[in-house]
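Engineer: generate a structure from the sequence data that follows.
(2 chains)
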Amino acid sequence: MPVNADFVGRSYPPSGPYPVSAEAIAAFAAAVGSSDPVHSSSEAARAAGYAEVIAPPTFAVTIAQQCDAVFVQDPEAGIDYSRVVHGEQRFVHHRPITAGDEVLGTLTVDSVRAAGGHSMVTTRTELATSAGEALCTSTSTIVIRGGE
Amino acid sequence: MAVRTLAGTSVGDTIGSRTIAVGRDTLVAYAAASGDQNPIHQDEQFARSVGLPDVIAHGMWTMGAAGSVVEEWAGDGGRVVEFGTRFTKPVVVPQDGGAIEVGGVVKAVDEQTRRATVELTATSGGDKVLGRCVAVVQLD
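Structural biologist: Below is the predicted model:
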């Protein structure tokens, strides 16, 4: 079943809030091998000018993927998740995601296209604090492999 | 860590390269930390059943590991203001572990915004696993 192109341009109401904890940031930083103490030590983060420990540059994906779920799991969208691979990912940070942030994510389906028997879907998630401060624009392209 | 400065940065400066080991335990830790529990990243039998050669790393683990190399170069993890990549090939992680090799080069320095554009390369077993991998770093 092809991906439903009617979803292009669709924006969803903000989801969340997703609370960001110092523990989640430290665990993520350790998993990607980042030893910068701004991710694990409040003292080091404050010395560097941050309010609290800050997230590594790719941490935003953990929130963006929760925001995506409303679309990729919608049967109407026609996405077979067992055939999905990650094609591209991009982050533009407005300020570092910081422990204590309550994050809201607003998802927009930017494009749906076919290429070589596969479908490619690009979504954009605007992450902001619940007070409205912009945090990160996360853009993701998934490839749904074609087949039988 | 000292934050990298505009005065100390030139086009052509190189970063790394660094070899980063990735074991099955790395992927279990990344799955727990990221919430991505897709079994292709943990279960060899499942991975083979969907046509993969073996367990493969999360693309986002590979991107995150490359990001850690840029952070270290920048001297502050909060200085990586833009970061994007294509995922070109999977990183295969056999039972006894695999590795990626990450390096980079400064492609542009903007004196107005004090930002450096860094192009990264990441390979595993000779295969290029990230494509068009570019980070923008806010310099001091």
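Engineer: neighbours of A:Pro2, how many?
Structural biologist: As a burial measure, A:Pro2 scores 10 neighbours (other CB atoms under 10 Å in any protein chain shown). (C-beta placed from N, C-alpha, C; glycine too.)
Engineer: in what helix or strand does it lie?
Structural biologist: Per DSSP states H and E: A:Pro2 is located in neither a helix nor a strand.
Engineer: can you give me the pLDDT of it?
Structural biologist: What the model reports as pLDDT for A:Pro2 is 80.
Engineer: show me what the longest helix seen in chain A is in contact with.
Structural biologist: If each helix of chain A is counted by residues according to DSSP state H, the longest one is helix A:60-72. Helix A:60-72 is contacted from outside by A:7, A:10, A:12, A:15-16, A:18, A:20, A:24, A:28, A:77, A:79, A:81, A:84, A:89, A:91, A:93, A:97, A:103, A:105-107, A:109, A:123, A:125, A:127, A:135-136, A:138, A:140, A:142, B:33-36, B:60, using CB atoms under 8 Å, 6 or more residues apart in numbering or on different chains.
Engineer: what about dumping the CA coordinates of that helix to PDB?
Structural biologist: The C-alpha trace of helix A:60-72 is given here as PDB (Å, rounded to 0.1, in the frame of the first residue of the first chain):
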ATOM      1  CA  ALA A  60      16.100  15.800  20.300                       C
ATOM      2  CA  VAL A  61      15.300  12.700  18.200                       C
ATOM      3  CA  THR A  62      14.000  10.900  21.300                       C
ATOM      4  CA  ILE A  63      11.300  13.500  21.700                       C
ATOM      5  CA  ALA A  64      10.700  14.000  17.900                       C
ATOM      6  CA  GLN A  65      10.100  10.300  17.400                       C
ATOM      7  CA  GLN A  66       7.400  10.300  20.100                       C
ATOM      8  CA  CYS A  67       5.700  13.200  18.300                       C
ATOM      9  CA  ASP A  68       6.000  11.300  15.000                       C
ATOM     10  CA  ALA A  69       4.100   8.400  16.300                       C
ATOM     11  CA  VAL A  70       0.700  10.000  15.900                       C
ATOM     12  CA  PHE A  71       1.300  10.100  12.100                       C
ATOM     13  CA  VAL A  72       3.400   7.000  11.400                       C
END
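Engineer: what lines up beside the helix or strand just after that helix in the sheet?
Structural biologist: Sequence-wise, the next helix or strand downstream of helix A:60-72 (DSSP H and E) is strand A:84-93. When pairing is defined by DSSP bridges, strand A:84-93 lines up against strand A:134-144 (antiparallel), strand B:80-87 (antiparallel).
Engineer: would you mark the buried spots in the helix or strand that comes right after strand A:84-93?
Structural biologist: Counting by DSSP H and E, the next helix or strand C-terminal to strand A:84-93 is strand A:102-115. Buried positions in strand A:102-115, judged by neighbour count with 16 or more other CB atoms under 10 Å in any protein chain shown: A:103-109, A:112.
Engineer: and of those, the nearest to B:Val92?
Structural biologist: The nearest member of these to B:Val92, counting by CB to CB, is A:Val112 at 30.2 Å.
Engineer: elements contacting the helix or strand hosting B:Tyr30?
Structural biologist: Secondary structure assignment for B:Tyr30, by DSSP H and E: helix B:24-34. Where contact means 3 or more CB pairs under 8 Å, 6 or more residues apart in numbering or on different chains; DSSP states H and E, helix B:24-34 is packed against helix A:22-31, helix A:60-72, helix B:59-74.
Engineer: what about A:Tyr50, helix or strand, and which?
Structural biologist: With DSSP H and E as the test, A:Tyr50 turns up in no helix or strand.
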